[in-house]
Every structure is written in structure tokens, then in C-alpha cells.
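**Q** predicted model and sequence below, questions to follow.
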Amino acid sequence: MRGAAPATASASRKRLLAKAGEALRVLCCALALCTAPALAANVVGDASGAKSFDPDRALEFSQSVIGTPVGDYAFRDRDGKQVRLAAYRGKPLVVNFVYTGCFSACPTTTARLAKAIRAAQRALGPGTFNVVSIGFNLPYDSPEAMRDFARRYGIDDPQWEFLSPFDKQIPQLTADFGFQYVATPAGFDHVTQTTIVDAEGRVFRQVYGEEFALPLFIDPLQRLVTGKPMPTQSLGDVIERIRILCTVYDPRAGAYRFQWSEVSSIVTFVLMLLGGTWFLWHEIRKRRRADRLAAGGGPGRPLSPPAAG
């Protein structure tokens, strides 16, 4: 009986190792089932089906959509309410794509974009354009996650909304904006871009990089703001339009400022226009007066004798 003990112990160890191996296989399967849907949904984020990220190709694709209209997509805002992209038409719109699980480039990009937006609002006036950040990593970029993302980076601007799209729309949505991304073990590879859309919903300009010179961002917005018709003709609207037209970038200060020389140029032009208009009106009146005097017998001209009866 004592000789059977080692054999029994060996059999017990084998059964224990077999159970541990089975448990390990079950755990691996469970992890695979949990992660597979997310990876399958976000293996490639562009519309072309490419499996690897090519920065040059992504940049070319981004540029190719300039001048093209963006579709009217549905989203959920931070409160879970459904909104449509068409609701933002009528004003220029700034759009960037984010994913809430990003902890490397996204904080820097968001902070610098917020700084550029504040500078643009100072230069062009509050409410002259809108901003939306769109999450593209579903199901993780939910309305709740987008709300937490905005709070995490201190974004509290009524003109800046954080939107969660619907999953089936993402391939066409990102294609419309010229945005390509590819999933990697560390997150996503993509071009860092900010898209400026005009008031009619067409892509007007792409701005690239985590950090960019303010004129690259503000000048296109200024062109769109000053180029659209004024909604009213009140004195306040006229003054605001003049203020925007006279706001220029000062490279020494690295900021936009009001340039009084532009005001003097506008005032000189207006005075010349009024002076020219008055001169033409005065000359026309003189010519008409001379024509009437000539037709009725002006001073210094003998009147025609009355006709014989």
C-alpha cells in the first residue's frame, strides 16, 4: 500500500494541471470574445478598406474632399439627445475627430485647439462659428464618454459640442470629412486634422497638426464670416462687420488685433464714394437746369416774337 502513494500523488498533480490548463483556455476565450467586436468594428476607419496606415495617402485623401458637401448625419449629444449635422448650417463649422480612450496626443491637440478657438472668437466675435468634436471609436465614445472627455479637458463653451455618431454611419461620415484611421495595439493611427466647413455644409479647409499657426485656422474662418450676407442691416451689424474686416494677425505678438489703419482706409474710401456721388448728382442737376432754360428761353437770349393772330 505504501508503494501506491507516489502514483496516487502523481495522478493528482496531473489532474490539477489539466484543470488549470482548462481554466486558462476558458479565460483566453473569454478575453477574445470581449475584445473581438471592438477590433472588428475599428480595424480600418477609412472607406477604402486599407489595412495599414499610409500618412501620405491619408493626407492626399484629406485634401481630396475640399469643396465637397458633407452629408446630413445623425448624432447624440452629451445629454443623449439626437441632433443632425444640418442643424449647424448657416454658420462656419469647425470639426475634429477624437477618441475618448486617447491619453497621448489627444490632450495636447484638444488643449491647443481650444486655445485657437478662443483666439478666433476674440478676433471674429462670439457666436460667429460653431465647433463639434466627434468620437469615432464606438461603442466606447458614447454620449457619457464624450461628456466626460469635455469635462476632463475643461471645455465649457456653448458653441462647442461633443457628439457620438451611430456605428453604421462611421465609414461614410469619416470619408466625407477626409478622415482616415487605422486601429493599432496602442490605439489608432490617423492624421491630426481640423476641418473647417462653410455655412452651406461644404468642406472649405483642412488644418493639420497638433499645433498650427493661428492664421492657418483663423484666416479661413474670417473669410467665411465676412463673405456671408449680413442677417440684418442694423448699425450694430455694420460696426461688427467693420471690426472683423479690420482685425489682422500681428506676427510679432502672435495674436490678432484691431488695426486702425484699416479703419482709416475704409473711411477714406467711403468719403471718396460719397464725394463722387455728390459731384455726379450736382453735375446732373446743373445739366438739367441748363436744358430747361434753353428750352424756355434762358437769360440773355431774346424770346421768340408772338405768333400773328
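**A** All right, it came through fine.

**Q** quick one: the helices in this protein, in order.
**A** Along the chain, the stretches classed as helices by DSSP state H are 4-41, 55-64, 105-124, 143-152, 170-176, 214-227, 235-245, 260-296.

**Q** does Glu161 have beta-bridge partners, and which?
**A** Judged by DSSP bridges, the bridge partners of Glu161 are Val132.

**Q** compute the number of surrounding residues for it.
**A** For Glu161, the neighbour count with other C-beta atoms under 10 Å is 20. From N, CA and C alone the C-beta is placed, and that goes for glycine too.

**Q** do the same with Gln193
**A** Other residues close to Gln193 by other C-beta under 10 Å number 20.

**Q** swap in the one 10 residues further on?
**A** Number of residues near Val203 (other C-beta under 10 Å) recorded here: 22.

**Q** before we move on, back to that, mean pLDDT lowest where, among the helices of the chain?
**A** Of all the helices of the chain, the minimum mean pLDDT falls on helix 4-41 (a mean of 45).

**Q** for stretch 137-144, which outside residues touch it?
**A** With contact meaning C-beta atoms under 8 Å, 6 or more residues apart in numbering, stretch 137-144 is reached by 38, 41-42, 76-80, 98-101, 135, 164-165, 167, 170, 188.

**Q** alpha carbons only: can I get it in PDB?
**A** C-alpha atoms of stretch 137-144 as PDB (Å, rounded to 0.1, in the frame of the first residue of the first chain):
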ATOM      1  CA  ASN A 137     -14.400  54.700 -31.500                       C
ATOM      2  CA  LEU A 138     -17.700  53.100 -30.900                       C
ATOM      3  CA  PRO A 139     -19.200  51.700 -28.700                       C
ATOM      4  CA  TYR A 140     -16.700  53.400 -26.300                       C
ATOM      5  CA  ASP A 141     -17.300  57.000 -27.400                       C
ATOM      6  CA  SER A 142     -20.800  57.100 -26.000                       C
ATOM      7  CA  PRO A 143     -22.600  60.400 -25.000                       C
ATOM      8  CA  GLU A 144     -21.500  59.800 -21.400                       C
END
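
**Q** flag every buried residue along it.
**A** For stretch 137-144, burial by neighbour count (16 or more other C-beta atoms under 10 Å) applies to 137-138, 141-143.

**Q** show me which of those residues is closest to Ala120.
**A** Minimum distance to Ala120 across the buried residues of stretch 137-144 is 25.3 Å, recorded for Asp141 (C-beta to C-beta).

**Q** that older thread, from the contacts of stretch 137-144, which land in strands?
**A** Cross-referencing the contacts of stretch 137-144 against strands under DSSP state E gives 76, 98, 135, 164-165, 188.
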